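K.L.:
dropping the sequence and predicted coords here.
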Amino acid sequence: MGRILSCPQCHKNGLLRSRPQSPREHFASFLFVVPFRCPSCSHRFLASHLGLDRSTHPVDRREHLRIPVQLYLSFSGGHVRGEGTVLDLSMGGCIIKSETQVHTNDIFYLRLLLDDSEPPLELAAMVHSVSARGIAFKFLRSAQESKRLLAFVQAQTPDQPGKSSRKVVAAA
Ligand SMILES: [Zn+2]
């Protein structure tokens, strides 16, 4: 048994380890200091993971690395059809630029062209928000478990010294 961390904000247990996202967090991870997230109050903070009990602090699989991309996509749902460019992609969703008018909570089937030589990747997604940045889609659960999406995101992720160990975590 190792140490158990509790949330500095709400003092609850059950903290999840997050993946480093900012340059600061990536740097800190070299010093065994990693981000944690509290599922109770969503507080995110950095702490050392040395000596922590791994089973009580599993890696947070709901948080996703976002990767910048430029991918053509088309989408359809109800009577609406559109096309656009995916600018940002993660296992949780994507942000696209499109002229098509959509509304929050609309559900669409997205077809992402990952590779000219392969059929597009089809993913079901819901409009999370529409802003000047673009349309943010949240993938539905089936899409979040897409093996092809996972393979694509992993291949695009630049620094992955722990790629093989991460796979073991994902399979557990
Ligand atoms: Zn908390």
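P.N.:
Here it is on my side, so go on.
K.L.:
where do the helices sit along this structure?
P.N.:
Along the chain, the stretches classed as helices by DSSP state H are 23-29, 141-144, 147-156, 163-171.
K.L.:
tell me which other helices or strands the first one touches.
P.N.:
For helix 23-29, the helices and strands in contact under the criterion 3 or more Cβ pairs under 8 Å, 6 or more residues apart in numbering; DSSP states H and E are strand 33-37. (C-beta placed from N, C-alpha, C; glycine too.)
K.L.:
in its sheet, what does the strand it packs on sit against?
P.N.:
strand 16-17 (antiparallel), strand 44-48 (antiparallel) (DSSP bridges).
K.L.:
so which bits of this protein are right by the ion?
P.N.:
7, 9-10, 38, 40-41, 43 (Cβ under 5 Å from the ion).
K.L.:
and residue 83, what is it in contact with?
P.N.:
Taking Cβ atoms under 8 Å, 6 or more residues apart in numbering, we find residue 83 in contact with 72-75, 98, 100.
K.L.:
which of those are buried, as a PyMOL select command?
P.N.:
Burial among the contacts of residue 83 is assessed by 16 or more other Cβ atoms under 10 Å; the matching PyMOL selection reads:
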select buried, resi 73+74+75+98
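K.L.:
hang on, residue 28 packs against residue 22?
P.N.:
No - using Cβ atoms under 8 Å, residue 28 makes no contact with residue 22, being 9.2 Å away.
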